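J.: give the three-dimensional model of this entry:
(2 chains)
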There are 2 protein chains.
Amino acid sequence: MPYGHLGSMRTRPGRRDEVVAILTEGAAALREAGCHLYVVGVSETDDDLVWVSEVWESQAHHEGSLELPAVREQISRAMPMLTGEFETHPLRVVGGLGVES
Amino acid sequence: MPYGHLGSMRTRPGRRDEVVAILTEGAAALREAGCHLYVVGVSETDDDLVWVSEVWESQAHHEGSLELPAVREQISRAMPMLTGEFETHPLRVVGGLGVES
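T.: Numbers count the residues shown, from 1 in each chain, chains lettered A, B, ... in the order given. A predicted model of the protein is given here:
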């Protein structure tokens, strides 16, 4: 079963779109790291909240991706624009449309 | 921009897998209602929690889908197995991998 990860991050006021630009800039490269799906969305109800919904081959693939130089570099650029308030929901993907189960 | 919807529901003890079966049974049919993506996952940390991550053509398409007879019938079957604790995060999808932005 694929591994799913839902995560939110709160951005400092006015910095949301810069964070979104960083999060989306290298998304295509994640495919070869075992990423099936990576969806970046901004909240419709909270101007400083970004959600990322991901599906990975496995939890190990997801964790491995966080060690990739390009990803580490992106995280270090985004971090100063975040407040440090994160929400994280690890999931086992069990089915649906547009994703293999 | 597509519309994203992240939602969680808490199931009554022991009923999670029945709820998941209902949620996933007709997922392919959602495509013609304007659904790009519909991912059902069970929490890795909470035995009674189900998350659904969706991407739709628009918010109107998502709302319209809730009026489809098959969807209404699924909701009515699942509802008695839910505690009534929901979380809902409406999103504007801005990019990523595996989804058009």
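J.: okay, CA-based contacts and neighbour counts for the rest of this
T.: Will do.
J.: wait, A:A78 sits on A:I22?
T.: Yes. In this structure, A:A78 sits in contact with A:I22. The criterion is C-alpha atoms under 8 Å, and the distance is 6.9 Å.
J.: could you dump stretch A:8-22 to CSV, C-alpha only?
T.: What follows is stretch A:8-22, C-alpha atoms only, in CSV (Å, rounded to 0.1, in the frame of the first residue of the first chain):
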residue,chain,number,x,y,z
SER,A,8,0.2,21.9,6.8
MET,A,9,2.5,24.8,7.5
ARG,A,10,1.8,28.3,8.6
THR,A,11,3.6,31.0,6.8
ARG,A,12,4.6,34.4,8.2
PRO,A,13,2.3,37.2,7.1
GLY,A,14,2.7,38.0,3.4
ARG,A,15,5.2,35.2,2.7
ARG,A,16,2.8,32.5,1.6
ASP,A,17,3.2,32.9,-2.1
GLU,A,18,7.0,32.8,-1.8
VAL,A,19,6.8,29.6,0.1
VAL,A,20,4.4,28.1,-2.5
ALA,A,21,6.9,29.0,-5.2
ILE,A,22,9.6,27.1,-3.4
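J.: and A:L97, what does it touch?
T.: If you count contacts by C-alpha atoms under 8 Å, 6 or more residues apart in numbering or on different chains, A:L97 has them with B:27-28, B:30-31, B:36-39.
J.: can you do 7 Å?
T.: For A:L97, the contacting residues are B:27-28, B:37-39, taking C-alpha atoms under 7 Å, 6 or more residues apart in numbering or on different chains as the criterion.
J.: neighbour count: A:A78 and A:I22, which is higher?
T.: For A:A78 against A:I22, the residue with the higher neighbour count under other C-alpha atoms under 10 Å in any protein chain shown is A:A78, and the figures read 19 against 16.
J.: gap between A:T83 and A:R16?
T.: 11 Å (C-alpha to C-alpha, to the nearest Å).
J.: likewise for A:P90?
T.: Distance, A:P90 to A:R16, using C-alpha to C-alpha: 23 Å.
J.: tell me the pLDDT of A:A29.
T.: Looking at A:A29, its pLDDT stands at 87.
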